[in-house]
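**Q** compute the structure for the input listed below.
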Amino acid sequence: MKWVFISLVFLNSSSVAQITYPEKGWIQQLQRYTISLGDVQHDTVTSKGARKIYLYYNILGTGAVFYINFDNSPLAVVVTAKHVLKDLKNNFLDSIRMRLSSRDGESVYKYLGVNVPLTLDGQSMIFAHPDSTVDLACFPLISKDPYTNRDSVSLIPYSFFPEDYQIFEGAEIYVLGYPGSVGRTYWTRALLRKSIIAWTAANAPTKKFLIDCQVYPGNSGGPVFTKIPNFPIMMDTTDYSKMYKFVGIVIERRFTYNKLRAYRDGAFSPVSDADSLRYFSAESIGVGVVEPARNVFDMLKAYEAALARTDSSNKEK
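**A** As a prediction, the model looks like this:
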């Protein structure tokens, strides 16, 4: 029996080749490729004896939308950090909610996003990078929500993938994501930060690199773009890959862990070594860790091949 995803968001080939952009500033086009991933939480307010429940969309992480070829059609695929798609027991989630950038003007109390199932017939549809040390995973974009269609989802074209030499220390970058700590008022649109690449591994395009940028819970899974050096800003261009390249996905921030000190007998003394494992302060050093674009590309191609094998096997039955 042929494997068919009834409600997948498929894009015809012309919609991939000819992307329509809204009337926004040139840098804001990158926000169209960025979506937030989350769940629904609630606030409980009691006033004058009356108890009210207010639902809101809660940020879990960030994602970027790409596509692969499936059954001769482009299939929209969300890429994010693998840990974003896991629960507290380290199991993959059965579903997740997603807010589309096309509705970024609505508050997290008004628009709770669309529900995206992550299982089909009891099997997880999440595809993790074949290398377990790589913190990347992806899933097909599925939703029966009427707003989730080819007009509301913008895909990152393959022309945005860089050459290895375009990822270098000092390169100007833009980091997009939904850090939860900024507050719910600002969860409606991807937050944009400008920085530089701080460290790369020599001649190792699949090794994680560092960016000189503060990232916070919620940023995980967010795309990072670099601006092509000396390329002029063009307000009327329809090919933004001439100006920008996608260089990777944010996965974590780096910390330094400081032992706490106790105040005893008028002087400070270090906490004992035994207690230092339990009592410490975590201080961000202002550096984020990024999985490079090469790993994203390899994962998408591996996922495409896996679906092709499954589809071929189903056709033979």
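**Q** shouldn't residue 304 be within a strand?
**A** No. Checked against DSSP: H, G, I helix; E, B strand; the rest coil, residue 304 lies outside a strand; its state is helix.
**Q** give me the number of residues near the residue nearest to it when sequence neighbours are not counted?
**A** Computed as Cβ to Cβ, 6 or more residues apart in numbering, the closest residue to residue 304 that is not its neighbour in sequence is residue 68, at 4.1 Å. (Glycine included, C-beta is placed from N, CA and C.) Counted with other Cβ atoms under 10 Å, residues neighbouring residue 68 total 23.
**Q** what ranges do the helices span in the protein?
**A** Remark: helices assigned in the chain by DSSP state H are 13-17, 273-276, 293-316.
**Q** quick one: distance of the strand ranked longest in the chain to the chain centre.
**A** Longest strand in the chain, counting residues (DSSP state E): strand 50-70. On the basis of Cα atoms, centre = their mean, to the nearest Å, strand 50-70 sits 11 Å off its chain's mean C-alpha point.
**Q** can you pull the buried residues of that strand?
**A** 56-68, 70 (16 or more other Cβ atoms under 10 Å).
**Q** got a list of contacts for stretch 100-117?
**A** Contact partners of stretch 100-117, identified using Cβ atoms under 8 Å, 6 or more residues apart in numbering, comprise 31-36, 38, 40, 54-58, 78, 94-99, 125, 139, 141-143, 145, 147-148, 151-154, 184-185, 187-190.
**Q** buried ones from these, can you make that a PyMOL selection?
**A** Here is the PyMOL command that selects the buried residues among the contacts of stretch 100-117 (16+ other Cβ under 10 Å):
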select buried, resi 31+32+33+34+35+36+38+56+57+58+78+96+97+98+99+125+139+141+142+143+145+148+152+153+154+187+188+189+190
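**Q** the contacts of stretch 100-117 in strands, which ones?
**A** 34-36, 38, 40, 54-58, 78, 95-99, 139.
**Q** least reliable of the helices of the chain going by mean pLDDT?
**A** Ranked by mean pLDDT, the helices of the chain bottom out at helix 13-17, with a mean of 39.
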